[in-house]
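1. What follows is a predicted structure for the sequence shown.
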Amino acid sequence: MNPDSPSPDHSTSGPPTEKLQKVLARAGYGSRRELEKEIAAGRVKVNGALAKLGDRVSASDIIEIAGKRLRQGGPEDDELRVLLYNKPEGEICTRNDPEGRPTVFTKLPRLKHGRWIQIGRLDINTSGALLFTNNGDLANKLMHPSSNIDREYLVRVRGQVSEDILNNLKNGVELEDGPAKFSDIAESPHNEEGNHHLWFYCVLMEGRNREVRRLWESQGVQVTRLKRVRYGNIFIPSHVRTGQWLELNDKELADLCETAGMPAPKKRRFKQKLEAQRERHIKKLRASRSGPRKRK
């Protein structure tokens, strides 16, 4: 495309248009931020011409990303879908790893169109609740700091934990990337007196890199185990074991959209089929509990 030629924007006439990265995000090709990078890198075309940041498109435009044509308006995989994955330790939050380590995408069900978008991250040594969606708008809302969505963690620490330490962690401490604090801390009722390994439930309103560990380390206390047990209003059900996933139902989806500040999803055209798939999957998960448990 000639750099002086106008971008393929049909907003002045013709069918309604939307920002290119919004259309791609809704189709499940990544978050808006990820897709802006794809566009800037020259991996997106509109009607055969390289796209630019700021381009707008309509439903009639032909969009290609990484050489693959975007399928707009497809039926089943265009339904809003969200998965809850109970991440085990040892898996990394990336699609591909040059070192060949297992990733969180390996065990997820395949989509015919688009791809699962990861909502936030957990480091390799952290387990627990990790959400995936096929809708980039929802992913963007859930990850944006302005949404103020809380995350709850179950933490095992080694060392003496005084009231002063707990107060410091709730009032705020200065980390290398700015101030941070827990909005709430509660000691587990199952802690044994005299045990130097103690469990706490901690709540964060953001998700900076290794923030839970760094907060405790700022007080000279080492984290020896870390699991996220809740993301917003989504908890890990008891029948979803480590390394397993579950698709959210309509009520859970509506609650999650409300948490993200988005309108409730439209009535799903394939609700019965998706709910039947979910029920069959839940039966498999519950049946697997009767088998030998793997060490976490």
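-> That came in fine, so what should we check first?
2. Next, Gln118: secondary structure please.
-> strand (DSSP: H, G, I helix; E, B strand; the rest coil).
3. residue contacts, it?
-> Residues in contact with Gln118 (C-beta atoms under 8 Å, 6 or more residues apart in numbering) are Cys93, Val104, Phe105, Leu130, Leu131, Phe132, Ala139. Any C-beta I mention is one placed from the backbone N, CA and C, and that applies to glycine too.
4. mind giving me a markdown table with those and columns for pLDDT and distance to Val229?
-> Formatted as a markdown table, the contacts of Gln118 follow (pLDDT from 0 to 100; distance: C-beta to C-beta, whole Å):
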| residue | pLDDT | distance to Val229 |
| --- | --- | --- |
| Cys93 | 93 | 17 |
| Val104 | 96 | 17 |
| Phe105 | 94 | 22 |
| Leu130 | 97 | 12 |
| Leu131 | 97 | 13 |
| Phe132 | 96 | 17 |
| Ala139 | 89 | 21 |
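5. Quick check: of those, which has the highest neighbour count?
-> Most neighbours among the contacts of Gln118, by other C-beta atoms under 10 Å: Ala139, with 27 neighbours.
6. check contacts around that one.
-> Taking C-beta under 8 Å, 6+ apart as the test, what Ala139 contacts is Ala25, Ser31, Ile117, Gln118, Ile119, Thr133.
7. Pick the one among the residues you listed closest to Phe235.
-> Of all the contacts of Ala139, Phe235 sits closest to Ile119, with 15.2 Å by C-beta to C-beta.
8. ok so Ile165 is a helix residue?
-> Yes - counting by three-state DSSP, Ile165 falls inside a helix.
9. doesn't Glu217 make contact with it?
-> No - Ile165 is beyond contact range of Glu217, at 11.5 Å (criterion: C-beta atoms under 8 Å).
10. quick one: which of the two has more around it?
-> Shown here are Ile165 and Glu217; by other C-beta under 10 Å, Ile165 has more neighbours (18 against 14).
11. State the distance from that one to Glu206.
-> Distance, Ile165 to Glu206, by C-beta to C-beta, to the nearest Å: 21 Å.
12. related to what we said a few turns ago, kindly reformat the contacts of Ala139 as JSON lines containing distance to Ala59.
-> Converted to JSON lines, the contacts of Ala139 look like this (distance: C-beta to C-beta, whole Å):
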{"residue": "Ala25", "distance to Ala59": "16"}
{"residue": "Ser31", "distance to Ala59": "22"}
{"residue": "Ile117", "distance to Ala59": "22"}
{"residue": "Gln118", "distance to Ala59": "27"}
{"residue": "Ile119", "distance to Ala59": "27"}
{"residue": "Thr133", "distance to Ala59": "22"}
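13. Minimum pLDDT in these, which residue is that?
-> Within the set of those, pLDDT is lowest for Ser31 (76).
14. hey, C-alpha coordinates of stretch 106-121 in CSV?
-> Listed next in CSV are the C-alpha coordinates belonging to stretch 106-121 (Å, rounded to 0.1, in the frame of the first residue of the first chain):
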residue,chain,number,x,y,z
THR,A,106,-2.1,-27.7,25.6
LYS,A,107,-5.1,-29.3,27.3
LEU,A,108,-7.8,-26.8,26.2
PRO,A,109,-10.5,-27.8,23.7
ARG,A,110,-9.9,-26.7,20.2
LEU,A,111,-11.9,-23.9,18.5
LYS,A,112,-12.8,-24.3,14.8
HIS,A,113,-12.3,-20.5,14.3
GLY,A,114,-10.4,-18.0,16.3
ARG,A,115,-8.4,-19.0,19.4
TRP,A,116,-8.6,-19.0,23.2
ILE,A,117,-7.4,-15.7,24.7
GLN,A,118,-5.7,-15.9,28.1
ILE,A,119,-7.0,-13.5,30.7
GLY,A,120,-4.0,-12.6,32.8
ARG,A,121,-1.1,-14.8,33.7
